[in-house]
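Q: Structure for this input, please:
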Amino acid sequence: MDGIERCIDDEIPFDIPNTWEWVRMGSLLTVNPRNVISDDTIVGFMPMPLLHDGFNNSHTFEEKAWKDVKSGFTHFADNDVVIAKITPCFQNRKSAVICSLPNGYGAGTTELHVLRDYTKILYMPYFLLLCKTHAFIQDGIKNFTGTAGQQRIRKDFISNYLVPLPPVAEQKRIVQRVNFVIESFDIL
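A: Model (predicted):
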């Protein structure tokens, strides 16, 4: 976007409760932030195979010195949402809320988009859930760029994506209910 606020009334796909609001992800989240930390800091390193797919929220990592991974890789930190941006990993829902990194920081495959809560008040598992929805995946596919074998979603797709934002307590309740259903059907 060009920084000019626009009315979104004609884009609203459905009604939401009065205590909720429609927002673009980029108005609440920094997309693809950079970490600034000391070179000798031990961090988590996550190549794509260590980011799990499906509806689960899990990842693993290797430990590396920051100086070895700060250039040429995607930066992330604890509580960031990472989303695979390349096909077929995007469609397979390779995404997670990052947690338990050494010293709270990490880097990994360049084929990720990272969402960081700059408000420090959001419940990031809610945003992960939004990024795993059928609607988000299908809209992302419609907005792919690149050649057939190397298609990707772009940063501006995520920044401009319109989402319903409930109060934080409701975000937590929604995630709890969805996780209960997922676990009940064992569809992880």
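Q: quick one: low-confidence ranges for the chain?
A: Within the chain, the stretches falling below the threshold (pLDDT under 70) are 1-9, 186-188.
Q: now do 50
A: Segments of the chain classed as low confidence (criterion: pLDDT under 50) are 1-2, 4, 188.
Q: show me what contacts residue 45?
A: Residues near residue 45 by Cβ atoms under 8 Å, 6 or more residues apart in numbering: 61, 62, 63, 64, 69, 73, 106, 107, 108. To be clear about C-beta, it is placed using only N, CA and C from the backbone, and glycine gets the same treatment.
Q: next SSE after the helix or strand where the third one lies?
A: With elements delineated by DSSP states H and E, residue 63 resides in strand 62-65, which encompasses its position. Reading on from strand 62-65 to the C-terminus, the next helix or strand found by DSSP H and E is helix 66-69.
Q: what distance separates that following helix from the centre of its chain?
A: Helix 66-69 sits 23 Å away from the centroid of its parent chain (Cα atoms, centre = their mean, to the nearest Å).
Q: for it, packing partners?
A: For helix 66-69, the packing partners by 3 or more Cβ pairs under 8 Å, 6 or more residues apart in numbering; DSSP states H and E come out as strand 42-46, strand 105-108.
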